[in-house]
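Undergrad: With the sequence up front, the predicted model follows.
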Amino acid sequence: MKYEDYINLGICPDIVNGEIQFSKGNIDFIIEKYLKVVKEFDAYKQRTSAIEHDYDYQFMLAKADVDYYKSQYKQYFDELKELKLLNRRYDRFEKINAGLRRECKKYKQELLELRIETNKKTVNLKSGEET
């Protein structure tokens, strides 16, 4: 390190015969500064660890939400698929029922016509018997 670097750190070493020499005060200052920096680093490390833990917890909650919504999506997708199948079946049954209704209507009409014809014959027979 250069002399200016020590000065920037707040350490004022002595220069003896062109060489940097540290006095007891300088060494005590360096140790004190080192211990302060270590203490600050530990406090920073604890804070960041707590923040990281909080982010991990938030991530786990978000992941749980995503998993829940994925399962809901799959469930709704399957239900929709089943409903579509049921709707197709319903449509087929409605077509069959419409055809059956037409046939029933036709047979009812034929039955009504047969009843009318039978009633006419019965009336004619009765009227013929009376004469």
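TA: Great, that's in hand.

Undergrad: Just checking, which helix or strand succeeds the helix or strand of the chain with the lowest mean pLDDT along the chain?
TA: The least trusted helix or strand in the chain, going by mean pLDDT, DSSP states H and E, turns out to be strand 14-16, with a mean of 70. Sequence-wise, the next helix or strand downstream of strand 14-16 (DSSP states H and E) is strand 19-21.

Undergrad: Give me the average confidence score over that next one.
TA: The average pLDDT within strand 19-21 is 73.

Undergrad: ok, now stretch 78-98?
TA: 95.

Undergrad: List the buried residues of that stretch.
TA: Residues of stretch 78-98 classed as buried: none (neighbour count, 16 or more other C-beta atoms under 10 Å). C-betas here are computed from N, CA, C, even on glycine.

Undergrad: can you check stretch 20-30 too?
TA: Per 16+ other C-beta under 10 Å, stretch 20-30 contains these buried residues: 26, 29-30.

Undergrad: The lengthiest helix in the chain - contacts with which helices or strands?
TA: Secondary structure of the chain per DSSP state H: the longest helix is helix 24-130. The contact analysis (3 or more C-beta pairs under 8 Å, 6 or more residues apart in numbering; DSSP states H and E) places helix 24-130 against no helix or strand.

Undergrad: what residue is smack in the middle of this structure?
TA: In the chain, the centroid-proximal residue (C-alpha atoms, centre = their mean) is Tyr69; its distance is 2.5 Å.

Undergrad: Pull out the C-alpha coordinates of stretch 64-77 and format them as PDB.
TA: Listed next in PDB are the C-alpha coordinates belonging to stretch 64-77 (Å, rounded to 0.1, in the frame of the first residue of the first chain):
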ATOM      1  CA  ALA A  64     -47.300 -22.100  -3.000                       C
ATOM      2  CA  ASP A  65     -49.700 -19.600  -4.600                       C
ATOM      3  CA  VAL A  66     -48.500 -20.600  -8.100                       C
ATOM      4  CA  ASP A  67     -48.800 -24.300  -7.300                       C
ATOM      5  CA  TYR A  68     -52.300 -23.700  -5.900                       C
ATOM      6  CA  TYR A  69     -53.400 -21.800  -9.100                       C
ATOM      7  CA  LYS A  70     -51.800 -24.400 -11.300                       C
ATOM      8  CA  SER A  71     -53.900 -27.100  -9.600                       C
ATOM      9  CA  GLN A  72     -57.000 -24.900  -9.700                       C
ATOM     10  CA  TYR A  73     -56.300 -24.400 -13.400                       C
ATOM     11  CA  LYS A  74     -55.900 -28.100 -14.000                       C
ATOM     12  CA  GLN A  75     -59.100 -28.800 -12.100                       C
ATOM     13  CA  TYR A  76     -61.100 -26.200 -14.000                       C
ATOM     14  CA  PHE A  77     -59.600 -27.300 -17.300                       C
END
